[in-house]
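Chemist: Structure of the sequence below:
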Amino acid sequence: MLCFFSFEAKSQSIDYYTADLIATQIPDSLTYSTNDIAYYIGSKMRSPEKRLRSVFTWITSTIRYNTENIYPLNRNNYSRERIVSTLLYRKGICFDFAFLFKDLSEKLGIKTFIVYGYTKRGRRISTTPHAWCISLIDSSWYMTDPTWGAGYVQDSRFVHKANENYFLVDPEKFIRTHIPFDPIWQCLNYPVTKSDFKSRIPKAKKETLFFDYKDSIKVYEAHTEIQQLTHAIRRIENNGITCYLDYDQLHHYKIDLDRILEKQRKEHFFTAIKHYNKAIFLFNEYTDYKNKYYLPYKSDQEIEEQLNQIDTVLNTSLTSLNLIKSPDNILATNIKQLKDLLEQAFSDLKFQKSHLEKYLKTAKQYRENLSRDTGKY
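Modeler: The predicted structure is shown next:
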């Protein structure tokens, strides 16, 4: 259920007349591609804030909420084709509004993140998850909800009513109606708990510890996807699970994390196989060269490098296997088999290195005779 709440947004402190006008003047032929829309807006204005305002105005005046296709957020099913669909049919759900806003913002050079959470009206918590955006303007983070900015749903029908109060809202005011699943996206030094959110005007408790969310966001950006999900899960759990929506989002994050970890395990295993096979190929090349009495001639260093390369490739294979954590039974069996093969390959390599060391110590003029007399190396 889309609702509205009255509070002063950053948009009221600056004249957006030009930005709003430009949003209405974008030729229709350019409005079916985010590249074209962003290029048009960017060519007319230099100010990041005014560019963002044009994006907000165009989306909220053009895109309608799709009341026929309301369903819980599922980011795993998202693809860029949905942006194309949103632009083509001029409608979507909150996730589509948010992703369109983010895509256009970033094409205009404005750092923006999509935030997932839920909302409330008065003290009534929504029964469905929601998506909105945060953007970095002049080193400060502000919230924008392009869905609520476009209108609201009443009696299962979308009522288009543009509302600029949901553009670049101060985090302390935005938390009155929107709470992220992950508290990092509250952009508050004293985050509000899920329990506190239920109060009429939520505020952090006095004993709340200071939270440097700006540094935390920088760390988030530098992290891998696995690290991002792992830390998000911990923050959500620490901030309290007070309703089904919290539990559901946490469950989906854990599924996402397991999926990525499983994919990573397989990638490490196939990388290990690839390097093992490469090492065997190089081994066969070396053996063939050795059986030809090390002809055509190569320097001692070049011959040694052949075995050193095999050593490097085998170690790369073993390293990839050691990166695999908590494999299932089938993968664990495959890992054991590959490690046995690697152990044998390292043993063979050790023997070949020992032989080569003796060989290279022998006077060059006797090498060919030595190879013929001993027969096997």
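Chemist: alpha carbons only for contacts and neighbour counts from here, please
Modeler: Noted.
Chemist: Now do the helix ranked longest in the chain: distance to the chain's middle.
Modeler: As assigned by DSSP state H, the longest helix anywhere in the chain is helix 244-291. Between the centre of helix 244-291 and the centre of its chain there are 19 Å (CA atoms, centre = their mean, to the nearest Å).
Chemist: do stretch 96-104 as well
Modeler: Distance of stretch 96-104 from the chain centroid (CA atoms, centre = their mean) equals 16 Å.
Chemist: pLDDT of the longest helix of the chain, averaged?
Modeler: Helix 244-291 shows a mean pLDDT of 96.
Chemist: I'd like the mean pLDDT over the next helix or strand after it, please.
Modeler: Using DSSP states H and E, the helix or strand that follows helix 244-291 in sequence is helix 300-322. Averaging pLDDT along helix 300-322 gives 97.
Chemist: Identify each buried residue in helix 300-322, please.
Modeler: Within helix 300-322, the residues scored as buried using 16 or more other CA atoms under 10 Å are I303, L307, I310, D311, V313, L314, N315, T316, S317, L318, S320, L321.
Chemist: out of the residues you listed, who's nearest A38?
Modeler: Nearest to A38 among those is S320, at 42.5 Å by CA to CA.
Chemist: Could you pull up the residues touching the closest one?
Modeler: Residues in contact with S320 (CA atoms under 8 Å, 6 or more residues apart in numbering) are H268, F269, T271, A272.
Chemist: so how many other residues sit close to the first one?
Modeler: Neighbours of H268 under the rule other CA atoms under 10 Å: 20.
Chemist: if we can go back for a sec, just want the angle from the longest helix of the chain to helix 300-322.
Modeler: Comparing the axes of helix 244-291 and helix 300-322 via axes from the mean of the first three to the mean of the last three CA atoms, to 10 degrees yields an angle of 150 degrees.
Chemist: Kindly reformat the buried residues of helix 300-322 as a markdown table containing distance to L356.
Modeler: Shown next, in a markdown table, are the buried residues of helix 300-322 (distance: CA to CA, whole Å):
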| residue | distance to L356 |
| --- | --- |
| I303 | 9 |
| L307 | 9 |
| I310 | 14 |
| D311 | 14 |
| V313 | 19 |
| L314 | 19 |
| N315 | 20 |
| T316 | 23 |
| S317 | 24 |
| L318 | 24 |
| S320 | 28 |
| L321 | 29 |
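Chemist: Nearest to T144 among these?
Modeler: Ranked by distance to T144 (CA to CA), the buried residues of helix 300-322 are led by S320 at 43.0 Å.
Chemist: For that closest one, give its distance to R235.
Modeler: Look at S320 and R235: by CA to CA, to the nearest Å, they are 30 Å apart.
Chemist: Extract the residue ranges of this protein that are flagged as low pLDDT.
Modeler: Filtered on pLDDT under 70, the chain yields the residue ranges 1-13, 70-79, 205-207, 363-377.
Chemist: Which residue ranges of it form strands?
Modeler: With strands called from DSSP state E, the chain shows them at 64-65, 91-92, 112-121, 124-125, 130-137, 140-144, 151-154, 157-160, 178-180.
Chemist: what about those strands, which gets the closest to K214?
Modeler: Of all those, it is strand 140-144 that lies closest to K214, at 8.7 Å by CA to CA.
Chemist: mind saving the C-alpha coords of the closest one as PDB?
Modeler: What follows is strand 140-144, C-alpha atoms only, in PDB (Å, rounded to 0.1, in the frame of the first residue of the first chain):
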ATOM      1  CA  SER A 140      26.000  14.100   2.200                       C
ATOM      2  CA  TRP A 141      23.600  11.200   1.700                       C
ATOM      3  CA  TYR A 142      19.900  11.900   0.900                       C
ATOM      4  CA  MET A 143      16.900   9.600   0.400                       C
ATOM      5  CA  THR A 144      14.600   9.600  -2.600                       C
END
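Chemist: So which elements touch that strand?
Modeler: Counting contacts by 3 or more CA pairs under 8 Å, 6 or more residues apart in numbering; DSSP states H and E, strand 140-144 packs against strand 130-137, helix 171-174.
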